[in-house]
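Colleague: For reference, the sequence and a predicted model appear below.
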Amino acid sequence: MTPVATPFFFYLLAATMIIGGILVITRKNAVHSAMALITTLLAQAGLYLMLYAPFVAGVQIILYAGGIMVLFLFVIMLINIERTMKERQFNKQWLVGIAAATALGGLFITVYTKGKSLFPAGGASYPEEQNTQAVAGLLFDRHTGMYMFPFEIASLLLLVAIIGAVVMAKKRI
Amino acid sequence: MGALVQYIQSYLSSDLTPGAAGNWFWATVYVLLVFVGLSVAVICMNWLERKILAHMQVRLGPMRVGPHGLLQPIADALKLLLKEDIIPAEADKIVFWVAPFIVVLAAFTVFVVVPFGPTHAITDMNIGILFMLGVSSLSVLGIVTAGWASNSHYPLIGALRSSAQMVSYEVAMGLAVVSVILMTSLNAEGTGTLSMIGIVRAQQAQGMWFIFKFFPLGLIAFAIFAVAMVAETNRAPFDLPEAESELTAGFHTEYSGFRWSLFFLAEYSAMIAVSSIAVTLWLGGWLRPFPNLLSGATWDLVFSLFPGLAFLFLAGMCFFNVARMPKHPLFKIQTIGLAGFGVVLGLIGVILFVPLVRDRVGDIFWFSAKVAAFMYLYIWYRGTFPRYRFDQLMKVGWKVLLPTGFAVLILTAATAFFEPSVEQWLRHIL
Amino acid sequence: MLHISTLHYLVLGAALFLLGVIGVLTRRNVIIVLMSIELILNAVNLNLVAFSRMWGGLHGQVFAIFVITDAAAEAAVGLGILIAFFRNKETVNVDEVNLLKW
């Protein structure tokens, strides 16, 4: 699997993600935000493919873009009020929020400029052809797999979430 | 310049798909070929659907535009392109504009991994079938936003119904697909594969199409997928969301002209896409029928003559209909046109007999023939079955297909687990 | 700049995280707050997968899959709570979630 034009695709996808993220947090219309978030999620799947993680990319497309965002769109359509779009869109504590975010940004910049030498250039990685098999080995294999218990707990978590969502949204319990 | 030619030629001798070889030139060529092929296929499907439905209903269908209506799809396309583009007032313009593109994007991106042959795919992703299922589920987003952006009751209800239906039948599709993936793991390494080319290679190695594997489990899984794929693409008998008598065309009511043609294009491409999934997973992809029963050089030769014979048969039908044309001066142009079309088809058939072309085209021909059979099934269903009511539709999806899918999955898993040891035991006692 | 190293992915993840934090702290519409939380989770996932590539093991990818599963569960429950709240108060304004205020 020989990569082609990696910097071009990285910068393209990164720009898509950043612009999508900015659109998510600045649009008045919730449907526009949702569509921008879908674009960001799909660009992220592309980045996962570049990081030699095709299984995570497939899971991202199916679950995030194809499942969670459909859920978001349904809820937006259920509770959409026209007057929310005409009011102010930032809440009462926006100044404090921006200050906190600036502090966080400063922290990130400090960490990444001081620690630039800690991160090596490229990495060793498993070949892409056997990625799903290797992930499955880590999850399910009798001898080398170590994530079986979290896997079962995750399925229990999903069951609890389903029951919780149904109970929360019912009209009469 | 020499380096470019070298780059282009170095791919031809390799045994990989362009994606695996990292060759962007050939990848672009394959992408363009798939794009053009899909458009031609959608145009043919339009004509075939109208003619076959008409003949099933004992009438003739379009006969005027070209000889036997062969130019009707072109007339339809021209009409759609030239129609006025109406956007409802108060509709959300950006979302209204984006929605058809999401559906077309989802329908076309799926073809990146569809294998027309052992190296004739744009790329062979490690997660091939997962990618196809995931990207085809993105069309739900386009439908929901299309219904929402139209700012009108009928599209909204149609969009919600359509998306609920698609989401329900995706689960059944996924279960049927997983039971096939289990069957691919019956090899020496004990690991299955999600890659589309790997699945067909597994069928080749095990010497059996997966529809016949672990009879009747493969067949039931195929039946579940065949029903779910018709519901997934909103086609009859599951087409309540776009039924004209109930919902005035559902989520694409407010779309006119070019935007509607994008939905139409996406619907037919999605049909071809899910048919390709069914063909690759159960019907052996590009493999010719009976590779083990009728093996040997002579049978290989016989089966490799099929593409040319198919086109010659079509050319023969054209000439037969030329003979049946009315001998009236007004029909002269149509007769000449049909004869010319027949000559073109005959020439293609003759070219496909040349040994150099014959060896390369066999895989693509068998794959396309199987997908074409599925397309005929789609049209047959539309002409035969009455429409499901929406609650019946959801009942079938959740209460019939889903439990059956679970049962098939569990039984396939148990059979795949015990099969090597049962085989060993049988060989020991016999 | 041309050779894409792990640091590029980490900086991108940090930028997305920052955008998500700004969205959570400053927006009034609860749905957009929930979507910003999804942005934060995605940034974390990107970091995880980038480090998984750097170290060569697949633990980061498995962790990322679990994070995605978690995000699905949390989105479902969060939106359920939102619908219940909307049914009571007829608003999706974060400022008006003040029933417990003295």
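Modeller: Now that the structure is in, tell me what you want to look at. Residues are numbered from 1 along each chain as shown, chains lettered A, B, ... in the order given.
Colleague: CA only for contacts and neighbour counts going forward, please
Modeller: Will do.
Colleague: Write out the residues of chain A neighbouring chain B.
Modeller: For chain A, the contact set with chain B under C-alpha under 8 Å from any C-alpha of the partner chain comprises A:1-4, A:32, A:54-55, A:58, A:61-62, A:65-66, A:69-70, A:73, A:77, A:128-133.
Colleague: mind giving me the domain ranges of chain A?
Modeller: Here the domain parsing of chain A from automatic domain parsing is A:1-85, A:127-173.
Colleague: check whether the first one contacts chain C.
Modeller: Yes - contact between domain A:1-85 and chain C is present through A:6-7, A:10, A:14, A:17-18, A:21-22, A:24-25, A:30, A:33-34, A:37, A:41, A:44, A:48, A:51-53, A:56, A:59-60, A:63-64, A:68, A:71-72, A:75-76, A:79, A:84 (criterion: C-alpha under 8 Å from any C-alpha).
Colleague: Separate out the buried members of those residues.
Modeller: A:10, A:14, A:17-18, A:21-22, A:24-25, A:30, A:33-34, A:37, A:41, A:44, A:48, A:51-53, A:56, A:59-60, A:63-64, A:68, A:71-72, A:75-76, A:79, A:84 (16 or more other C-alpha atoms under 10 Å in any protein chain shown).
Colleague: so of those, which ones are in helices?
Modeller: Residues of these located in helices (DSSP state H): A:10, A:14, A:17-18, A:21-22, A:24-25, A:30, A:33-34, A:37, A:41, A:44, A:48, A:56, A:59, A:71-72, A:75-76, A:84.
Colleague: shaky segments in chain A?
Modeller: A:1-3, A:81-86, A:121-128, A:173 (pLDDT under 70).
Colleague: if you set the cut-off to 50 instead, what comes out?
Modeller: Within chain A, no stretch has pLDDT under 50.
Colleague: Report the central residue of it.
Modeller: residue A:41 (5.9 Å; C-alpha atoms, centre = their mean).
Colleague: and the nearest residue to that one once chain neighbours are set aside, what does it touch?
Modeller: Distances taken as C-alpha to C-alpha, 6 or more residues apart in numbering or on different chains put residue A:65 closest to residue A:41, at 6.3 Å, once the chain neighbours are dropped. Shown in contact with residue A:65 (C-alpha atoms under 8 Å, 6 or more residues apart in numbering or on different chains): A:38, A:41-42, B:138.
Colleague: can you rerun that using 10 Å?
Modeller: For residue A:65, the contact set (C-alpha atoms under 10 Å, 6 or more residues apart in numbering or on different chains) comprises A:35, A:37-42, A:45, A:59, A:71, B:134-135, B:137-138, B:141.
Colleague: buried subset of these?
Modeller: Those of those that meet the buried threshold are A:35, A:37-42, A:45, A:59, A:71, B:134-135, B:137-138, B:141, by 16+ other C-alpha under 10 Å.
Colleague: with those in mind, which one is nearest to residue A:107?
Modeller: Of all the buried ones among the contacts of residue A:65, residue A:40 has the smallest distance to residue A:107: 24.2 Å, by C-alpha to C-alpha.
Colleague: Which residue comes closest to that closest one once chain neighbours are left out?
Modeller: The nearest residue in space to residue A:40 (C-alpha to C-alpha, 6+ apart) is residue A:17, at 4.6 Å.
Colleague: quick one: the one you found from residue B:140, how far?
Modeller: As judged by C-alpha to C-alpha, to the nearest Å, residue A:17 and residue B:140 stand 22 Å apart.
Colleague: what's around the residue nearest to residue B:393 when sequence neighbours are not counted, how many residues?
Modeller: Using C-alpha to C-alpha, 6+ apart and skipping the chain neighbours, the partner closest in space to residue B:393 is residue B:238 (6.9 Å). Neighbours of residue B:238 under the rule other C-alpha atoms under 10 Å in any protein chain shown: 28.
Colleague: same deal with residue B:84?
Modeller: Neighbours of residue B:84 (other C-alpha under 10 Å): 11.
Colleague: Residue B:6 too?
Modeller: 10.
Colleague: and the host helix or strand of it, does that touch chain A?
Modeller: Assigning secondary structure by DSSP states H and E places residue B:6 in helix B:2-12. No - for a cut-off given as C-alpha under 10 Å from any C-alpha of the partner chain, helix B:2-12 has no contacts with chain A; the smallest distance is 12.8 Å.
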